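Enquirer: sequence below, structure please.
(one chain, ligands or ions: 2)
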Amino acid sequence: MTNKAVLFGKTLDELRVVVKELGLPGFTATQIADWLYKKKAGSIEEMTNLSKKARGLLSDQYDMGLTMPSKEQASVDGTKKYLFPAHRNLFLEAAYIPETDRKTLCVSSQVGCKMGCLFCMTGKQGFQGQLTAGEIINQIRSIPETDELTNVVYMGMGEPMDNIEEVLKSIEILTSDWGFAWSPRRINVSTIGVIPAMRRFIEESEAHLAVSMHSPFDEERKKLMPIQQVYTIENVIELLREYDFGRQRRISFEYIMFDGINDTAAHVKGITKLLNGLRCRLNLIKFHPIPDSPLRGTPHDKMVWFSEQLNKKGLTTTIRRSRGEDIYAACGLLSTKQLLKKEEDKDY
Ligand SMILES: C[S@@+](CC[C@H](N)C(=O)[O-])C[C@H]1O[C@@H](n2cnc3c(N)ncnc32)[C@H](O)[C@@H]1O
Ligand code: SF4
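Expert: Ligands and ions are numbered 1, 2, ... in the order given. Take a look at the predicted model:
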């Protein structure tokens, strides 16, 4: 790795500044964006419609900024987990989830997470660092299945709203005509509900939004997710009610089911009351147990009952199929703590 600045992850506006500073013609910015995001060039040398001089000037100051995964693990169900090195000796993970009708990549937006949810391995890892927009979309660009991807979910490591600037930039690159030119409907961003950043996300992007609820009750949610002490789920829903999302943009809620904790008839009532009239759907998630936690997942039969009760009350509810559990690639299981430790050991 050199200390040069990187091109991958720059927006068209930022590339315009780059070419201006190098004294290159304005249109070079669009050409570079094209090579970075459409033609998927692997090096500056490959940008053959740029003059030799332009390529030389660029190479003097910039690297492409692409990083291949350094490790890959495959699950019995076809899910794959990729490990990427990031800046400052950090590592992050992404999970590739193939299904018959779609191929999804679950990307990380941070290394670790500050939010400290009781049930999450990434939360247990603590916060190590923010990812740049380039590092977020590099996960999409640098896996072998890049051309097969139909969907991207920001449900890997980290809280996207705690890195809103880079997350919005990554979405801009994915959805702009000069970028990947994806429809924003192929992107779903999950959050525990950091209200000010959610407002920006709603207003500045058109991607789908998933909110992690996990309990409709204040005291219970506070125990599971400390964020409830700052931004309550009631306030999050009030915010959502302010907007008209139209028919195309989807709002959903995620609900991990914990045995004997949040899976009762009272919870069915609480959820229905909270979401009353809001056009949304609810995804029930099987809890993936994490070490040193007394929490247990609700048995499947009870999840089916819970889902039926909510559907009867008019709330579209589905049970999300669990994928990649055997390789720790499932929701909430991504953590690179051991690796980080090994790297620290190496340093001393
Ligand atoms: C890892 S988070 C990342 C996105 C964001 N920080 C959030 O919490 O919504 C993605 C989803 O995984 C869920 N999750 C976390 N730990 C889990 C676990 N042990 N089992 C099942 N789902 C889990 C979260 O609640 C969230 O709905
Ligand atoms: S569930 Fe999401 S917000 Fe909570 S600790 Fe895990 S990654 Fe962070």
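Enquirer: next, count neighbours for residue 122.
Expert: A count of nearby residues for residue 122, using other C-beta atoms under 10 Å, gives 26. The C-beta positions use only the backbone N, C-alpha and C, and glycine is treated the same way.
Enquirer: how about the residues of the protein by ligand 2?
Expert: When proximity is defined by C-beta under 6 Å from any ligand atom, the chain lies next to ligand 2 at 113, 115, 117, 120, 122-123, 158-159, 192, 332.
Enquirer: if we go to 8 Å?
Expert: Within the chain, the positions adjacent to ligand 2 are 110, 113-117, 119-123, 157-159, 162, 190-192, 212, 225, 227, 332 by C-beta under 8 Å from any ligand atom.
Enquirer: just the buried residues from the residues you listed, in PyMOL please.
Expert: Burial among the residues of the chain next to ligand 2 is assessed by 16 or more other C-beta atoms under 10 Å; the matching PyMOL selection reads:
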select buried, resi 110+113+115+117+119+120+121+122+123+157+158+159+162+190+191+192+212+225+227+332
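Enquirer: got the residues of the stretch 201-348 of the chain near ligand 1?
Expert: Counting by C-beta under 8 Å from any ligand atom, the stretch 201-348 of the chain comes close to ligand 1 at 210-212, 214, 254, 256, 285-290, 297, 322, 330-334.
Enquirer: which among those residues end up buried?
Expert: Using 16+ other C-beta under 10 Å as the burial test, those include 210-212, 214, 254, 256, 285-288, 290, 297, 330-334 as buried.
Enquirer: where does the residue nearest to residue 223 when sequence neighbours are not counted fall, phi/psi-wise?
Expert: Of all residues not flanking residue 223 in the chain, residue 118 sits nearest, at 6.9 Å (C-beta to C-beta, 6 or more residues apart in numbering). In this entry, residue 118 is assigned phi and psi values of phi -60, psi -30 (degrees, to the nearest 10).
Enquirer: so where's the stretch 51-200 of the chain shaky on pLDDT?
Expert: In the predicted model, the stretch 51-200 of the chain carries no residue with pLDDT under 70.
Enquirer: for it, just list every one of the strands.
Expert: Assigned by DSSP state E, counting those that start in this stretch, the stretch 51-200 of the chain shows strands spanning 62-63, 71-74, 80-85, 91-98, 103-106, 110-112, 127-130, 151-154, 187-191.
Enquirer: got TSV for those strands, with distance to residue 174 too?
Expert: Shown next, in TSV, are the strands of the stretch 51-200 of the chain (distance: least, C-beta to C-beta, whole Å):
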stretch	distance to residue 174
strand 62-63	21
strand 71-74	23
strand 80-85	17
strand 91-98	14
strand 103-106	11
strand 110-112	18
strand 127-130	18
strand 151-154	7
strand 187-191	6
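Enquirer: so for this protein, the centremost residue is which one?
Expert: What sits nearest the mean C-alpha location of the chain, by C-alpha atoms, centre = their mean, is residue 154, with 1.5 Å.
Enquirer: just the buried ones among the residues of the stretch 201-348 of the chain next to ligand 1: which are in strands?
Expert: Within those, residues falling in strands by DSSP state E are 210-212, 254, 256, 285-286.
Enquirer: what's the farthest-apart pair in those residues?
Expert: The distance between the two most remote of those (C-beta to C-beta) is 18.4 Å, for 211 and 286.
Enquirer: nearest to ligand 1 within the protein, name that residue for me.
Expert: Nearest residue of the chain to ligand 1, counting by C-beta to the nearest ligand atom: residue 332, 1.8 Å away.
Enquirer: close enough to count as contact, that residue and residue 124?
Expert: No. With contact defined as C-beta atoms under 8 Å, residue 332 does not count as touching residue 124 (9.9 Å).
Enquirer: list residues touching both of these two?
Expert: Shared contacts of residue 332 and residue 124 (C-beta atoms under 8 Å, 6 or more residues apart in numbering): residue 290.
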